[in-house]
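>>> Here is my input, please return the structure:
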Amino acid sequence: MKIRSMLMGAALFALPAVAAAQEGRDLCPDRPGLGTPPCTVEPGRVVAELGLGDWTHEKDAASRTDTVEAGDLLVRFGLTDRLEAQLGWTAYGHERVKDRASGLIDRSEGVGDMFVGVKRNLRNPDGSGFSVALLPYATLPTGGSTIGAGDWGAGLLVPVSYELGKGVALEATPEVDAAVDEDRHGRHLAWGSVMGVNIDVSDAVSATVETSLMRDDDPSGHSTEALAGLSLAWQPGKAWQIDGGVNLGLNPDSPDRELYVGIVRRF
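Numbers count the residues shown, from 1 in each chain. Now for the predicted structure:
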């Protein structure tokens with residue numbers, strides 16, 4: 001079932017891009033990076049974004065945890081000139097936890113939760129100039145205990161971007177969430193923001209440097225996650241993108257490092 005779901009997601013990228021020949025907005029994916037762009041998909045168009053692989057490493061005094069995810073699919077549907085719907089799901093996750101004292105290793109795997117969101121652009125839906133949007137979302141507990149949260153969650157993102165000229169843009173994504181508790185029952189407040197700079201290295205290649213600070217008020221213990229990220233995206237054509245990135249933890253509450261690669265296709 002997992003393999004079939006991953007193949008179905010990958011099959012989206014093998015379909016012919018008949019609509020790609022039409023003139024329209026530049027491709028503006030949600031990936032890569034920590035933040036979210038305010039641009040929306042044109043009405044009648046679909047953008048599929050597939051995370052091919054994602055590895056996260058965390059280490060503390062007691063254990064070392066390595067998490068691998070594959071088939072992280074986000075599909076965006078253009079509904080109107082300023083409105084898009086989003087559906088997301090992760091097909092596979094594997095977690096390996098090693099106890100540093102005993103050397104014992106525990107492994108688990110499973111699928112992820114369902115993501116449902118609606119992005120409403122308020123200014124410049126193509127992302128040009130000064131652009132801002134609202135993205136309310138919910139997560140549904142369809143996943144297992146490995147990468148699933150165990151209960152429903154919800155939140156609101158406010159993506160903002162401002163072009164400075166000469167291929168440089170400032171980006172921010174403030175966020176407030178009703179995040180699922182660590183014990184997998186109930187919700188608590190989490191909030192923070194991503195700040196970044198996007199640079200067009202060439203007509204086809206862009207780079208984004210970001211930092212993220214998120215406060216999580218879980219009942220089991222409050223924490224503040226701080227990350228720094230660098231991502232690269234290559235668009236060989238109007239309807240394609242290949243990307244990758246690295247995130248680094250800046251404090252003990254954060255994962256030590258994360259590496260990921262993915263692909264985007266517009267239809």
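
>>> element containing the most centrally placed residue in the chain, please.
The residue lying closest to the centre of the chain (CA atoms, centre = their mean) is residue 31, at 6.1 Å. For residue 31, there is no host helix or strand (DSSP states H and E).

>>> For this structure, which residues score under the pLDDT cut-off?
Along the chain, the model assigns pLDDT under 70 to residues 1-23.

>>> if we go to 80?
1-24 (pLDDT under 80).

>>> farthest residue from the center of it?
The chain, farthest from centre, CA atoms, centre = their mean: residue 102 at 35.0 Å.

>>> Could you confirm that one falls within a strand?
No. In this structure, residue 102 is coil, not part of a strand, as judged by DSSP: H, G, I helix; E, B strand; the rest coil.

>>> For it, grab phi and psi.
According to degrees, to the nearest 10, the main-chain angles of residue 102 amount to phi -90, psi -20.

>>> Tell me what the nearest residue to residue 216 once chain neighbours are set aside is bridged to.
Nearest residue to residue 216, sequence neighbours excluded (CB to CB, 6 or more residues apart in numbering): residue 190, at 4.5 Å. C-beta coordinates here come from the backbone N, C-alpha and C atoms, glycine included. According to DSSP bridges, the residues that bridge with residue 190 are residue 177, residue 216.

>>> Can you report how many residues neighbour residue 190?
Using other CB atoms under 10 Å, residue 190 is surrounded by 21 other residues.

>>> Which stretches in the stretch 1-150 of the chain count as strands?
Here the stretch 1-150 of the chain has its strands, by DSSP state E, counting those that start in this stretch, at 46-59, 63-78, 83-99, 105-110, 114-123, 130-140.

>>> Touching, residue 50 and residue 75? I think so.
No. Residue 50 is not in contact with residue 75 according to CB atoms under 8 Å; the separation is 9.4 Å.
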